[in-house]
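A.B. asks: Build me a model:
(one chain, ligands or ions: 1)
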Amino acid sequence: MAGVSPSQQSWWPEAASSWSAAERELLARLRPDRLPAHVAVIMDGNGRWARQRGLLDRIRGHEAGIDSVREITTSAAQLRLRALTLYAFSKENWRRPAREINALMALLTRFLVAERPELMGNNIRLQTIGVPADLPADARAALDETRRLTAGNSGLILNLALSYGGRDEIVRAAAALARAARDGRLDPDRIGEAEFAAALDTAGLPEPDLLVRTSGENRVSNFLLWQIAYAEIYVTPVLWPDFRRAQLLEALIDYQRRERRYGMVAEPAH
Ligand code: FPP
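C.D. replies: Numbers count the residues shown, from 1 in each chain. The predicted structure follows:
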């Protein structure tokens, strides 16, 4: 391909040979040594996507959103990211109409079963954060089985936030630490940030380096409140069902243009 030297291509995922020319051009602009380890995504805009197409049923938007979930997950695995966390269902989403909740649960269940070959083929391990015990029995069963099947995979961790709220997660962690202290298993004087982080649902995962929100809203919406302390935030007007591989690559390119300082000053030039 024009402008892409063989050395640039050496780290490329094998699958990139079947990507479009435009996607490969975006890929050529990425530096493999500066990829984020963990990308977290607030998948927003499914309802607006359906409405823009004159579809009266918002659920059509969620259905289309599943295709984005598949493409972004597979692409993240092929780019060898460590973790991808998707905000699939929030605590607040239980307040939506029952019909929409049921449709989302059915889509999730179908996804968890149908995507098993894709997850296995791409060495992806499924995990969850939130309170999956809140989900209906068939969704829980599909989740447990897919988690079990993929537990030995060593590539991307696909982390689905299900019945998740950031404040709820922090409160559950605080309660767990308080119980441990009460039972004499933990000295309260030894609780620091690391101990607190280890009590969160995301224990063991790197913190998100990049938080993507689709559909243009500049809000965090109770997502990963502790974990995004130093994340770079990327808001795109693109609606989630239109957020595909090219849009992910654009977000990664934008991320790589940023200078992350973690409250420090930039390295002095020598
Ligand atoms: C926000 O769009 C999206 C959701 C509430 C759910 C996201 C769910 C999916 C993409 C499908 C299921 C997920 C998986 C992982 C299988 P919205 O309905 O708030 O859109 P709007 O703001 O335009 O109304």
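A.B. asks: Please count neighbours and contacts with C-alpha atoms only from this point.
C.D. replies: Will do.
A.B. asks: what about the most centrally placed residue in the chain, is that helix, strand or coil?
C.D. replies: Centroid-nearest residue in the chain, with CA atoms, centre = their mean: T85, separated by 2.1 Å. Following DSSP: H, G, I helix; E, B strand; the rest coil, we place T85 in the strand state.
A.B. asks: Helices of this structure, residue ranges please.
C.D. replies: 6-9, 21-28, 46-52, 59-78, 98-114, 116-121, 137-150, 166-182, 193-198, 245-257 (DSSP state H).
A.B. asks: Turn those helices into TSV, including mean neighbour count, distance to the ligand and mean pLDDT.
C.D. replies: TSV is the format used below for the helices of the chain (neighbours: other CA atoms under 10 Å; distance: least, CA to the nearest ligand atom, whole Å; pLDDT from 0 to 100):
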stretch	mean neighbour count	distance to the ligand	mean pLDDT
helix 6-9	12	31	58
helix 21-28	17	22	96
helix 46-52	19	4	97
helix 59-78	20	4	98
helix 98-114	16	4	98
helix 116-121	16	12	98
helix 137-150	16	11	98
helix 166-182	16	15	98
helix 193-198	14	24	98
helix 245-257	18	15	97
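A.B. asks: nearest to N222, of these?
C.D. replies: Nearest of the helices of the chain to N222, taken as CA to CA: helix 166-182 at 4.9 Å.
A.B. asks: elements contacting that closest one?
C.D. replies: Judged by 3 or more CA pairs under 8 Å, 6 or more residues apart in numbering; DSSP states H and E, the packing partners of helix 166-182 are helix 193-198.
A.B. asks: just the CA coordinates of the helix it packs on, formatted as PDB?
C.D. replies: Provided in PDB are the C-alpha atoms of helix 193-198 (Å, rounded to 0.1, in the frame of the first residue of the first chain):
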ATOM      1  CA  GLU A 193      -5.400   3.400  47.300                       C
ATOM      2  CA  ALA A 194      -4.000   0.000  46.200                       C
ATOM      3  CA  GLU A 195      -6.100  -1.900  48.800                       C
ATOM      4  CA  PHE A 196      -9.200   0.100  47.800                       C
ATOM      5  CA  ALA A 197      -8.600  -0.600  44.100                       C
ATOM      6  CA  ALA A 198      -8.300  -4.300  44.900                       C
END
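A.B. asks: quick one: pLDDT of the residue nearest to the centre of the chain?
C.D. replies: Note on T85: pLDDT of 99.
A.B. asks: Does R60 touch Q52 like I think?
C.D. replies: No: at 11.4 Å, R60 and Q52 do not qualify as touching, with contact defined as CA atoms under 8 Å.
A.B. asks: gap between the two ends of stretch 181-194?
C.D. replies: 16 Å (CA to CA, to the nearest Å).
A.B. asks: got the contact list for that stretch?
C.D. replies: Applying CA atoms under 8 Å, 6 or more residues apart in numbering, the set of residues contacting stretch 181-194 from outside is L177, A180.
A.B. asks: neighbours around F243, how many?
C.D. replies: Applying other CA atoms under 10 Å, we find 21 residues neighbouring F243.
A.B. asks: Tell me who's in contact with it.
C.D. replies: Contacts of F243 (CA under 8 Å, 6+ apart): S68, T214.
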